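Chemist: with the sequence up front, the predicted model follows.
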Amino acid sequence: MTDIPDTTSKSAPQLSDWEIKAAAQAKLEAELFTLNKAALLNALALAGVTRVVVSFDGYGDSGQIENVEARAGDDAVTMPGAAIEMAEAVWDQTEPKRSSISIAEAVERLAYDVLEKTHCGWENNDGAYGDVIFDVEEETITLDYNERYTASENYTHTF
């Protein structure tokens, strides 16, 4: 009988304690984002809001939300005043921190979350601007992102 070497048990490098915690944090944040998004879109739907557009602008190491506009169809409406429960991941904790916040605050929180997930540092240097669009009927959040940058082209001619 011939011994066949075991090629399936390759030793994987061990993850550090921090890497394990960071992976658990990222997983929990992703799960909570999905739950928070559903809770917010449901609250907006119950209030008759069909779309929310959050305009942001940032540069020179600071950035902020410039405008938030809620719509019901083609009509601008006031942001609902109700509160909803949102959950936030806390480092090295398996259970999230839960808090009741206004719908307006929840919209801003998720808008900043979307920016940080996709373009961390959007407010630095030349910065970026755009809109975060909450489409209640489609159950989507869309980031329309415009990044600024300074370009330089050098030409040297010797004759």
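Modeler: That came through, no problem. Note that the structure is a prediction, hence the values are computed from the model and not measured.

Chemist: quick one: the helices in the protein?
Modeler: For the chain, the helices defined by DSSP state H cover 17-46, 103-118.

Chemist: out of those helices, nearest to residue 63?
Modeler: Closest to residue 63 of those, according to Cβ to Cβ: helix 103-118, at 8.1 Å. C-betas here are computed from N, CA, C, even on glycine.

Chemist: now do the contacts for the spatially closest residue to residue 131 that is not a sequence neighbour.
Modeler: Excluding the flanking residues, the one nearest residue 131 by Cβ to Cβ, 6 or more residues apart in numbering is residue 144, at 4.6 Å. Residues in contact with residue 144 (Cβ atoms under 8 Å, 6 or more residues apart in numbering) are 130-133.

Chemist: how far away is residue 98 from residue 89?
Modeler: Separation of residue 98 from residue 89 (Cβ to Cβ, to the nearest Å) stands at 11 Å.

Chemist: those two: which has the busier surroundings?
Modeler: residue 89 (20 against 10; other Cβ atoms under 10 Å).

Chemist: for the more buried one, grab phi and psi.
Modeler: The phi/psi pair for residue 89 (degrees, to the nearest 10) reads phi -70, psi 140.

Chemist: quick check: it vs residue 33, distance?
Modeler: 9 Å.

Chemist: do residue 159 as well
Modeler: For residue 159 relative to residue 33 (Cβ to Cβ), the value is 60 Å.

Chemist: of the two, who's got more company?
Modeler: The neighbour count for residue 159 versus residue 33, taken as other Cβ under 10 Å, is higher for residue 33 (17 against 2).

Chemist: tally of neighbours for the closest residue to that one other than its chain neighbours?
Modeler: The shortest distance from residue 33 to any non-neighbouring residue, by Cβ to Cβ, 6+ apart, is to residue 113 (6.2 Å). A count of neighbours around residue 113, defined by other Cβ under 10 Å, yields 18.

Chemist: thought residue 113 was touching residue 32?
Modeler: No: assessed by Cβ atoms under 8 Å, residue 113 is found out of contact with residue 32, at 9.5 Å.
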